[in-house]
Every structure is written in structure tokens, then in C-alpha cells.
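Novice: My questions concern the predicted model and sequence given below.
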Amino acid sequence: MRHGAPALPASRPPHGALPGALPGAWRRLEHGFDAAFGSPLNPLRHLGALAFMLFWLLAISGIYLYAVIDTSVQGAYASIDQLSRQQWFLGGVLRSLHRYSADAFVLVMLAHLVREWLLGRYSGFRRFSWLTGVPLLGFAFASAIGGFWLNWDQLGQFSALATAELLDWLPVFASPMTRNFLSAASVSDRLFSLFVFVHLGVPLLLVFGLWFHIQRISRAQVFPPRALALGTFATLLVLALWQPVMSHAPADLARVPEVLAYDWLLLAIHPLTYATSAGTVWVLLAAVALLLFALPFVPQRAVPVPIAVVDPANCNGCRRCFADCPYAAVTMVPHPNGRHGREMATIDADLCASCGICVGACPSSTPFRSAAELVTGIDMPSAPIGALREQLRAGLAALQGNRKIVVFGCDRGADVHTLAAPDVAPLSLMCAGALPPSFVEYALRDGASAVLVSGCRREGCEFRLGQQWTEQRLAGKREPYLRASVPRERLAAAWADAGDEGGLRAALGQLRNRLHTLPAGNTALAGATSDE
Amino acid sequence: MNDSKTAVKPSAWLGQALLYALFAALIGVFSSWPPYRHLAADQSLIKLSFSHTGQPVSDCVKPSAEEQAKLPPNMRAPLRCPRERSPIVVEIDIDGTPAFRHVAQPSGLSKDGASSVYQRVQVSAGTHHLAVRMRDDVRSAGFAHVREQDVTLAPAQILVIDFDTASQKIKLQ
């Protein structure tokens, strides 16, 4: 830190246990998508929500298909095939949408997994979400594969038999599953009931698993932004119309299906089984599952940051931290002062991400308070709000020139320390959301000509909601508000990820240019930093 | 406040269209291509599959009067038979060449359940001489169940070798 300001323990945390190249490559990919979609609508930043949307699309199209399918050995094929040929404009399109949504679901789900892995989001307070997400992979593939059997064409026949041969490797069935497919006479309507159970029952398990998966995050995004949802739906609809899904020839257990138009996204496991062996595939699946389950328990290089601490004397039970915590780590309990109806925040150590967003939400985190030592209602022991005020004061005192600028940044976003200059005081917080808006006003009153607030790109916050809350607080749309009397022309925000330092400099340059059009200093607020 | 929000440029619309098209292409292509052929065009498949309970591993014995007397009245049976069943040995020769041999152990903790076998054998399409032998009793040497037959298989045809418990015969279907 320049200018002798007392430094907060700011650091630039590494991305999990991976070398920087892989997370960096993913970031570059996301930034490429940002250029086309803009960060708020970037599909790579909404993979989980997209998967949810695709699941509901699967459910809706599937309910229609279930209503019209004849769930018998003799009738299944004909009922689905007629749907595609005689009612292509509705049933056929829905059938194609159903299949392509399943393909898209698997792609989006795997991309979601890879993203969270690359960005190191699988351990600590995220461990629960990771561990509950792993079984969903199995549920998704099991229900998708089961869907092919219901059609009972040659592809369904091949998949059903290949699955039976794979399952028979496990010593759990008294009689081999494959005996159900020895001849047409072996396949009964009762077996079709099993198919229906797999294709309907496993998705119900998937819904249950998804509910668990998002339990430990608050305000889980279970539907993507409308424009992205419409774009994705339109893409699948066009594909369904362009390339309708059609059945193969009816199943014939006396013959091996010859050439199959194969869905490699959902059924790759069968060719893998025949290219290797059932035992190899089971060992591979077990190894992947073990690896995924073990990943959150691998020791991390990063030193754990102490969790938030509540100070009962300064907590008035306003519930803002409770509302703003992205991981539902804050709950409200009766206040120990015993006053009727008074509450106090309390922290669940297992859920706390140590992001500091609760500190930014606390109305007691205002630097205008008269106490010599600033103590707030909820604070981060590693970066207390009092230290931020001292750092700001020291930074302001050391600034030179007529146009002094304070930059509040985020340890996870673009590095604000690269902006350090005689007329610029950069301060980096653990998350932009940890910045109480009153610090902006305090800086302007205490001599800053302008303030630049920086954080990760929209929808790119390491702690999910920090950028969003900060933007809303500064715009006066979320408590604690930045007061209306603060001159907005002296405030700028730059949402820039790590590596976007060029964009951050450009935003600072624009703010400097704007300052040239404004009176020097800050006559509206200057000299009014007396404690209020 | 300048929040760096900018209007969407035409190039961004084009980028979105391209990325949506790429997504559709990824799904459209790999949901049906490349085609998969499980069996070569000139191949047929022979499947051996049965689930059969072997004979008891030993004969039933009649307990002596002294042995019966030592037992509680409710356990005095006229014959004492073993629960354990014989493992099943099966062999297949195709055109005089051994193609498969397997010993299937009885299932169950007491080895009193059925023995199961499932095996796929790929052969070239055409006529083959098939010899199937099965032994389900450890008390006897040789194979109690034998079937030899010439079979003509069309490409991609599946021939199933099963054991009919009712007739106690190996059947080809």
C-alpha cells in the first residue's frame, strides 16, 4: 500500500489447487462470451440456472409425451412414431425438444461442473453444494438413458440390452437382467413398467437432489435471465424444427441393430463398454465418482480466512446482513440484551464464506460514527471496518494534486493497486460487497474529488451477490443506501474481473476526464466529515 | 454514476447468433453423428444365456435310528439331503474349435441357488457347426446335456442358446 496507509490484509487468492493456466483459460473464454452477450446475460455465468430451465423444459415436454405414449411393448413404438409423423407440428416438435433439451442439459451440467472445478469452488463452505451435486450426474445420465428404452426402437433396444449387460457385471441380480431381452417373448409390459419407473422415478430423485444442491445458498438462481432463457429455448426450437428426432426401425431382438444414428452426448457409455469391458467401465465410473467426492477434502493451499463475528452491543437486529448473505450463513436469534422483540445476527461457521458482504450491509459500518475505535455490528476479524476507515483516512491524507481520487476495489476482481498514483488512493476489500456505501460519502467529504468503485464483472462475483448488492446500494435501490445528497457525477463504478486492469485504468481515465469538467475539490460535501 | 453499461453492438448480436448456432450445431451433430455400428456388416452373434439350478452335490441319505434319536422330534426327516447345488459346466465348440468354457457357481450364501451364464460370441455370418455341452451334476462324469447342430446365420442375426428347464434340453432359438 502506498502513502503510508495501514494495509488491510488484502491478498489475491489463488484459484483452488489448480495451476493458473486452466482457470485463466476459462476466464478468457468467459470474457469472450461477455463480448457477445454482455456479462449479465453470459450463459457461462448462468450454467446452473440454465440447467434448471432445461430440466423444466424436459419435464413439460415429457408430461405431454407421457400422456400420449402407449406404455406397452406392442404399442410404444407406434405411438411415438405416429407422433413424429402425423402430429409433427406439436407432438413431433415436443419430442425433438425433449431429446435436445436432454442433450443440452448434459452439456450445461458438465460445463457447470468444469467451471466450478476450474475456479476452485468445491471446498470449504462450498463443499456441501459440490458433494450434493455429484450424485446428480448419475441421476441425469440414468434418466436420460432410460428415456431411449421407452421408444423401443432399435436404438432403445441396443441401449436397454447394453445397460443390462453392464448391470449384470455387478453381482447383485439373482437372475441376469439380460435374460429379459433374449427374445421378443421375453419383453413384457411389466418390463415396460420398469422402464417408465426409471425414466420418471429417477428425474424425481433428480429434483430432490437439486433441492439439496441449492440448500446452502440463498436466493439461488433457478431460472436464467429472460433474454438468455428465450435465446436458449429458441435455439432448441429451431433445431427441433430443422432436424426433427425420428425413430429407428422397431426393436427386433432376433437381430443386432446395425447402423444407428447415435446420441453420443447421452449414450457414450455403451460404445465405451463394448470397446473395453463392463468391468473397466465400472472401475472408471467408480474412480470418477471417488475423485469427485474426494476433491473437496484435498488440503488447499489458501489459508482459511476467519469468519464474520457479531458484536451484540452494535447489532440492532436490522436483518440486512441476514437478507444479503449469499450463503445463508446469517440467522437471527433473540438479542442477549433481553429486550422484547429485539434480535441479533448469528453466524453459522460452516456456511460463512468470509466474504464480508454482511459488513457492507450493516448500518453500523458507517465511518461517520464518533467512536475513536470504529466497531460495527458484524465484522471480519481479518479486515475490520475500523482498519478500513484508518486506511482511508491515511490514504486521503497522503493524496496530492487538485483532483484526488479514491478507488475501492475487490481482492477477487481487477487489481486496484495497479492504479496507485500520487492523486489516487486504492483500497482493496475482500469483496466489493464488503464496502458500506457510507465510505463513498465519507471519502468525498474528507477531501476526495471522486470515488471509483470496482468489483468483479456482473454475474461474476466470487461470492455470488457482492457486485449486485454494491451496485444496488450505490444506486439507492438497496439498503444501506448511498445517500441521495452524494453527487453522483463524482462517483463511477467499473466492474472488471482479475486481468481486466486495462478496463479499470480506462474507467479511471474517464473519471479523470469528467473531473476536468467539474469544479476542483468537492464543494458540495467538503469539510463535513464531522462524525454524525 | 458511470457504471460502464454499454449498448449492445451489432458485432455482439452477430457473436450471440454465432454462439447460439454453435450450441445448436454441437447438439444437432453429436446427437446423431457419427453413426455407430455395433457389429461388423458380415458378423452374427451367438448368445449363451441360461439360469439353471444344478443337481445336489451329493445323494440324499437315510439317517440311522440312532442318529434320528439324537435329533429333536421336529427335525427327524426320513431323508437328509444337501442344500448345496452342483456348479454348472458349459462348453461351446464352433466348427470344432472350443469357443467358450465356463463353470458357473450356484448363487446364494448356501450355494443352493441357480447358476447363471451369459456370454456373447461374435461369429462370421454363414453356416457353422455348433456343439454345446452342459454338466449340472458333480456326481457324474461327462456331460448330461449335449446338443450338436449346423446353424446358418444371416448377418446381424442373433442365435440364443438357452436351457429349457421343463424339457431338460438345450435349445437354440
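Specialist: Nice, I can see it.
Novice: How is chain B divided into domains?
Specialist: Per automatic domain parsing, the structural domains of chain B span B:7-36, B:43-57+B:84-172.
Novice: What residues of the shortest one count as buried?
Specialist: Right, the one you point to is domain B:7-36. B:12, B:15-16, B:19-20, B:23-24, B:27-28, B:30-32, B:36 (16 or more other C-beta atoms under 10 Å in any protein chain shown). The way it works is simple: take the backbone N, C-alpha and C, and place the C-beta from them, glycine included.
Novice: One more: stretch B:93-101?
Specialist: Across stretch B:93-101, burial judged by 16+ other C-beta under 10 Å covers B:Asp93, B:Ile94, B:Ala99, B:Phe100.
Novice: could you dump the domains of chain B to a markdown table with mean pLDDT and distance to chain A?
Specialist: Shown next, in a markdown table, are the domains of chain B (pLDDT from 0 to 100; distance: least, C-beta to the nearest C-beta, whole Å):
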| stretch | mean pLDDT | distance to chain A |
| --- | --- | --- |
| domain B:7-36 | 94 | 3 |
| domain B:43-57+B:84-172 | 95 | 5 |
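Novice: ok, and the closest non-adjacent residue to whichever residue of chain A sits closest to chain B?
Specialist: The nearest approach of chain A to chain B comes at A:Ala36, 3.0 Å away (C-beta to the nearest C-beta). The spatially closest residue to A:Ala36, leaving aside those adjacent along the chain, is B:Gly15, at 3.0 Å (C-beta to C-beta, 6 or more residues apart in numbering or on different chains).
Novice: swap in A:Ser96?
Specialist: Nearest residue to A:Ser96, sequence neighbours excluded (C-beta to C-beta, 6+ apart): A:Ala240, at 3.5 Å.
Novice: Which of the helices or strands spans the most centrally placed residue in chain B?
Specialist: Taking C-alpha atoms, centre = their mean, the centroid of chain B lies closest to B:Tyr118, which sits 1.9 Å from it. Assigned by DSSP states H and E, B:Tyr118 belongs to strand B:115-124.
Novice: now swap in A:Leu150 and tell me
Specialist: With DSSP H and E as the test, A:Leu150 turns up in helix A:127-151.
Novice: How about the contacts made by A:Phe192?
Specialist: A:Thr71, A:Ser72, A:Val73, A:Ala76, A:Leu150, A:Trp152 (C-beta atoms under 8 Å, 6 or more residues apart in numbering or on different chains).
Novice: quick one: the residue of chain A positioned farthest from its centre and A:Glu165, what's the gap?
Specialist: For chain A, the residue at maximal distance from the C-alpha centroid (C-alpha atoms, centre = their mean) is A:Ala185, at 49.3 Å. A:Ala185 is 20 Å from A:Glu165, where distance means C-beta to C-beta, to the nearest Å.
Novice: Give me the helices and strands touching the lengthiest helix in chain B, please.
Specialist: Scanning chain B for the helix with the most residues, using DSSP state H, yields helix B:10-30. Using 3 or more C-beta pairs under 8 Å, 6 or more residues apart in numbering or on different chains; DSSP states H and E, the elements in contact with helix B:10-30 are helix A:21-37, helix A:93-118, helix A:226-242, helix A:264-267.
Novice: if we look at the helix or strand just after that helix, which residues are touching it?
Specialist: Next along the chain after helix B:10-30, taking DSSP H and E as the criterion, comes strand B:36-37. Here strand B:36-37 makes contact (C-beta under 8 Å, 6+ apart) with A:Glu258, A:Val259, A:Leu260, A:Tyr262, A:Pro271.
Novice: any idea what sits nearest the third one, other than its immediate chain neighbours?
Specialist: Meaning A:Leu260. A:Leu260's closest residue in space is B:Tyr36 (C-beta to C-beta, 6+ apart), at 4.8 Å.
Novice: near chain B, which residues of the stretch 151-300 of chain A show up?
Specialist: Residues of the stretch 151-300 of chain A lying close to chain B by C-beta under 8 Å from any C-beta of the partner chain are A:158, A:165, A:168, A:174-176, A:178-179, A:182-183, A:231-232, A:234-236, A:238-239, A:242-243, A:245, A:253-266, A:271, A:274.
Novice: just the buried members of those?
Specialist: If we count by 16+ other C-beta under 10 Å, those have these buried: A:158, A:165, A:168, A:176, A:178-179, A:182, A:231-232, A:235-236, A:239, A:243, A:245, A:253, A:255-258, A:260, A:262-263, A:265-266, A:271, A:274.
Novice: Identify each buried residue in the helix holding A:Leu150, please.
Specialist: A:128-137, A:139-151.
Novice: Stretch A:337-349 too?
Specialist: Within stretch A:337-349, the residues scored as buried using 16+ other C-beta under 10 Å are A:Glu343, A:Met344, A:Ala345, A:Thr346, A:Ile347.
Novice: Go ahead and confirm the first one touches A:Pro336.
Specialist: Read that as A:Glu343. No. Counting by C-beta atoms under 8 Å, A:Glu343 does not reach A:Pro336; the two are 10.6 Å apart.
Novice: confidence score at the nearest residue to A:Pro381 once chain neighbours are set aside?
Specialist: Excluding the flanking residues, the one nearest A:Pro381 by C-beta to C-beta, 6+ apart is A:Pro306, at 4.3 Å. Note on A:Pro306: pLDDT of 90.
Novice: Count the residues that sit near A:Lys404.
Specialist: Neighbours of A:Lys404 under the rule other C-beta atoms under 10 Å in any protein chain shown: 26.
Novice: Distance check, it against A:Pro422.
Specialist: Taken as C-beta to C-beta, the span from A:Lys404 to A:Pro422 is 9 Å.
Novice: for A:Leu58, same thing?
Specialist: With C-beta to C-beta as the criterion, A:Leu58 and A:Pro422 are 59 Å apart.
Novice: The two: who's more crowded?
Specialist: A direct count of neighbours by other C-beta under 10 Å for A:Leu58 and A:Pro422 places A:Leu58 higher, at 24 against 12.
Novice: quick one, the helix or strand in which A:Gly209 is found and helix A:127-151 angle?
Specialist: Using DSSP H and E, A:Gly209 maps to helix A:189-213. On the basis of axes from the mean of the first three to the mean of the last three C-alpha atoms, to 10 degrees, helix A:189-213 is oriented at 160 degrees to helix A:127-151.
Novice: ok so, going back, and the helix holding A:Leu150, what does it pack against?
Specialist: Short answer (3+ C-beta pairs under 8 Å, 6+ apart): helix A:127-151 packs on helix A:76-86, helix A:93-118, helix A:154-168, helix A:189-213, helix A:264-267, helix A:278-294.
Novice: Tell me which of those lies nearest to B:His145.
Specialist: helix A:154-168 (23.1 Å; C-beta to C-beta).
Novice: That closest one packs against which elements?
Specialist: helix A:127-151, strand A:259-260, helix A:269-275, helix A:278-294, strand B:115-124.
Novice: Make sure A:His31 is actually in contact with A:Asp497.
Specialist: Yes. In this structure, A:His31 is within contact of A:Asp497 by C-beta under 8 Å, at 7.0 Å.
Novice: Who has more neighbours out of those two?
Specialist: A:Asp497 (23 against 18).
Novice: Show me what the more buried one bridges to in the sheet.
Specialist: When bridges are called by DSSP bridges, A:Asp497 pairs up with A:Gly413.
Novice: Looking at it now. What's its pLDDT?
Specialist: For A:Asp497, the pLDDT comes out at 94.
Novice: So the closest residue to A:Ala76 other than its chain neighbours versus B:Ser58, what's the distance?
Specialist: Counting by C-beta to C-beta, 6+ apart, A:Trp152 is the residue found nearest to A:Ala76 once chain neighbours are left out, at 4.6 Å. Distance of A:Trp152 to B:Ser58, computed by C-beta to C-beta: 47 Å.
Novice: A:Val407 belongs to a strand?
Specialist: Yes. A:Val407 forms part of a strand when assessed by DSSP: H, G, I helix; E, B strand; the rest coil.
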